[in-house]
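In: Next one to model:
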Amino acid sequence: MNEVYVTETFSKIYDASEKSEREWIKKMKDQISENLCVGKPLRFDWFREKKLGGKRLYFLINETTHRAVLVAFGDKKEQQKIINHIWLNKEKYLEFVN
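Out: Presented below is the predicted three-dimensional model:
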């Protein structure tokens, strides 16, 4: 079983999401806790996304420590902005999984 964490920012995004999106995110969190390698890798194996319609769930994983952190959830048009933000702040986010 893997540990799945969320950032404070992600918690706020989650709370502001629609009920159906929150239910889907909960299912994805459960799926990630069972298998870290779900979703599509983005640039690196440790940076991944899962799609829900036009939205994306972004998360980082560490297969060695069996940990993941949910970082962001946004629509396709915000994708590059979100990816750039995560990339620029990767050290901070990777602390959750190391």
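In: And the strands in the protein?
Out: Under the criterion DSSP state E, strands of the chain are mapped to 3-6, 40-42, 44-52, 55-62, 67-75.
In: Would you mind finding the longest helix in this protein?
Out: helix 19-34 (DSSP state H).
In: That helix - contacts with which helices or strands?
Out: strand 3-6, strand 44-52, strand 55-62, strand 67-75 (3 or more Cβ pairs under 8 Å, 6 or more residues apart in numbering; DSSP states H and E). In this view, the C-beta of every residue, glycine as well, is placed from N, C-alpha and C.
In: try 6 Å this time
Out: The contact analysis (3 or more Cβ pairs under 6 Å, 6 or more residues apart in numbering; DSSP states H and E) places helix 19-34 against strand 3-6.
In: Let me see the contact set for the most centrally placed residue in the chain.
Out: The C-alpha lying nearest the average C-alpha coordinate of the chain belongs to Phe59 (Cα atoms, centre = their mean; 2.3 Å). Counting by Cβ atoms under 6 Å, 6 or more residues apart in numbering, Phe59 touches Arg48, Ala68, Leu70, Val71.
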